[in-house]
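Novice: quick one: sequence plus predicted model below, questions after.
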Amino acid sequence: MNALRVLVVEDEPSTRAELATQLAELPSVGDVVSAAGGDEAVRLLGGGTFDAVFLDIAMPGLTGMDVARILKRLSDPPAIVFVTAYDNHAVEAFGLGAADYLLKPFRPERLAEAVARIGRRPGPPAAGDKADDLAVVQVELAGRTVFVRRDDIAYAEAHGDYVRLHCAQKDTGQASHLLRQSLTYLEQVWDAAGFVRAHRSFLINLAAVTELRVTSTAGLVAVTDAGEVPVSRRHSRQLRDRLLEAARGRR
């Protein structure tokens, strides 16, 4: 396993420094970055990739639970380890997918055990998990980490080992992003959110379709604000049916 990049989030300076030092001494830990609160943590998480976040719970501004809820909505979130003096949040913490829950004060051996659990944590959620698990996806853009809301995506296009996410063109930001994921996986986890296969290489958000149009070059296409999506004969019936269902549901 490669050395872990870890973020420590703790508002008490001496505790923050001590935890960062203990983590840095573990052989499986590489880079350790510190944040004095939840707001700073979110900014750091938006500017880089971490393997794990060690979170205090009781902090001014965004609490540790608030930060954990934000992380849970990412496509590939870091492991979360809560480090707190209170045991009454344990049930909620593990409900948010925490890898571990450390009570202060803790022994160095207990911290090493938590880090070992991070190395054994499972990968991305299996197909069939609820669509909310990917309500926000995390993509890399020019050395930055960008969070893209699923509802802002008009369609997804297969792009080699990646998927290109196309968003409606806005005055700021990029119109498309590359996500290291398969189109088939997104089709399975986003089906309940209204994403339907339109073509073997395209997955479309029903809410983004403004019309279906027949062209002389591409044949049937679905029109969105982010561009036109080809609709294959194989998938046209299902797409039409799902569009009708969605229209009835909006009445």
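Specialist: Arrived safely.
Novice: contacts only, for the spatially most central residue of the chain.
Specialist: Central residue of the chain (Cα atoms, centre = their mean): L74, 1.4 Å from the mean position. Going by Cβ atoms under 8 Å, 6 or more residues apart in numbering, L74 touches 136-138, 147. Any C-beta I mention is one placed from the backbone N, CA and C, and that applies to glycine too.
Novice: so it: helix, strand or coil?
Specialist: Secondary structure for L74, judged by DSSP: H, G, I helix; E, B strand; the rest coil, is coil.
Novice: from W190, how far off is it?
Specialist: L74 sits 15 Å away from W190, taking Cβ to Cβ, to the nearest Å as the criterion.
Novice: same question for V115.
Specialist: V115 is 33 Å from W190, by Cβ to Cβ.
Novice: now V67. Nearest residue, chain neighbours left out?
Specialist: Distances taken as Cβ to Cβ, 6 or more residues apart in numbering place G38 nearest to V67, at 4.7 Å, with adjacent residues excluded.
Novice: equivalent analysis for L178, please.
Specialist: Y162 (4.6 Å).
Novice: okay, and for the stretch 101-250 of the chain, where does confidence drop off?
Specialist: 119-134, 140-145, 169-174, 249-250 (pLDDT under 70).
Novice: tell me where it has helices.
Specialist: 108-120, 183-190, 233-250 (DSSP state H, counting those that start in this stretch).
Novice: point out the most buried one among those.
Specialist: Most buried of those, by mean neighbour count (mean count of other Cβ atoms under 10 Å): helix 183-190, with a mean of 18.
Novice: ok now it, how far from the chain's centre?
Specialist: 14 Å (Cα atoms, centre = their mean, to the nearest Å).
Novice: what's the domain layout of the chain?
Specialist: 4-120, 132-250 (automatic domain parsing).
Novice: can you map out the strands along the stretch 101-250 of the chain?
Specialist: 136-141, 144-149, 153-159, 162-167, 176-179, 195-199, 202-205, 211-215, 219-224, 227-230 (DSSP state E, counting those that start in this stretch).
Novice: quick check: bridge partners of Y155?
Specialist: H166, I204 (DSSP bridges).
Novice: just give me the neighbour total for it.
Specialist: 25 (other Cβ atoms under 10 Å).
Novice: swap in the one 5 residues further on?
Specialist: G160 sits with 7 neighbouring residues when counted by other Cβ under 10 Å.
Novice: likewise G219?
Specialist: Residues contacting G219 under the criterion other Cβ under 10 Å number 13.
Novice: hey, what's it bridged with?
Specialist: T215.
Novice: roughly how far apart are it and D241?
Specialist: Relative to D241, and taking Cβ to Cβ, G219 is found at 19 Å.
Novice: ok, now L203?
Specialist: 16 Å.
Novice: can you check A208 too?
Specialist: Taken as Cβ to Cβ, the span from A208 to D241 is 17 Å.
Novice: again, but for L4
Specialist: L4 is 47 Å from D241, by Cβ to Cβ.
Novice: sorry, back to before: got the strands of the stretch 101-250 of the chain as CSV, with distance to E25 columns?
Specialist: Formatted as CSV, the strands of the stretch 101-250 of the chain follow (distance: least, Cβ to Cβ, whole Å):
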stretch, distance to E25
strand 136-141, 29
strand 144-149, 27
strand 153-159, 42
strand 162-167, 37
strand 176-179, 35
strand 195-199, 46
strand 202-205, 46
strand 211-215, 61
strand 219-224, 52
strand 227-230, 52
